[in-house]
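Enquirer: Sequence first, predicted model second:
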Amino acid sequence: MGSPSRRKGKRRGRAPMSEINVTPLVDVMLVLLIIFMVTAPLLNAGVPVDLPDSNAKPLDQTPEQVTISITPDGAVYLDQVPVDPGLLGQRLAALPRGADGKPPLVTLRADKALEYGTVMAVMGELNHAGFNAISLVTNSSVSAP
């Protein structure tokens with residue numbers, strides 16, 4: 001008599017679980033989303049350049065921006081694409097202008113080991129192409145020399 005009641009109790013106690021718990025998946029995906037949101041703005045510069053230090057305030061990031069980088073060996077990059085020194089003016093003139101006809105904002109990233117004349121030659125090409133507002137990129141530092 002005791003054996004049939006035991007069988008019924010075992011059947012009612014544990015039923016197989018057929019639902020998937022998605023809470024851990026959502027938690028992991030939210031953490032990954034936060035990680036990518038934090039690291040994405042830091043991946044802005046692609047050409048390795050040792051920037052000089054400065055105490056200047058940072059500029060606002062604008063979407064219409066052109067980055068020119070000059071490496072320690074004097075190679076010039078226009079938005080991470082290498083440019084021959086003689087073709088920089090032509091490449092700058094071919095850049096699209098804004099709706100009001102203004103050129104995009106230019107940021108110049110030059111290695112601190114470069115000679116002054118090399119940087120001035122690139123800035124002269126920028127000025128000749130009609131880019132009069134040039135932002136120089138530096139490392140922010142509390143105690144600049």
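Expert: Received the coordinates, thanks.
Enquirer: so how far is the longest helix anywhere in the chain off the chain centroid?
Expert: Longest helix in the chain, counting residues (DSSP state H): helix 23-39. Computed by Cα atoms, centre = their mean, to the nearest Å, the separation of helix 23-39 from the middle of its chain amounts to 19 Å.
Enquirer: What ranges does the protein have for its helices?
Expert: If you assign secondary structure with DSSP H, the helices in the chain sit at 2-13, 23-39, 88-93, 116-128.
Enquirer: In the record's domain split, what are the boundaries for this protein?
Expert: 2-42, 53-140 (automatic domain parsing).
Enquirer: Quick check: which of those is buried the most?
Expert: Among the domains of the chain, ranked by average contacts under mean count of other Cβ atoms under 10 Å, first place goes to domain 53-140 (a mean of 14). Just so you know, the C-beta spots here come from the backbone N, C-alpha and C atoms, and that holds for glycine as well.
Enquirer: ok, back up a step: where among the domains of the chain is average confidence lowest?
Expert: Among those, domain 2-42 carries the lowest mean pLDDT, at a mean of 76.
Enquirer: Make TSV from the helices of the chain and add distance to residue 65 to it.
Expert: Supplementary listing: those in TSV, determined by distance: least, Cβ to Cβ, whole Å:
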stretch	distance to residue 65
helix 2-13	65
helix 23-39	20
helix 88-93	14
helix 116-128	14
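Enquirer: Any idea which of those gets closest to residue 70?
Expert: Of all the helices of the chain, helix 116-128 sits nearest to residue 70, with 6.1 Å by Cβ to Cβ.
Enquirer: who does residue 135 bridge with?
Expert: In this structure, residue 135 has beta-bridge partners residue 107, where bridges are defined by DSSP bridges.
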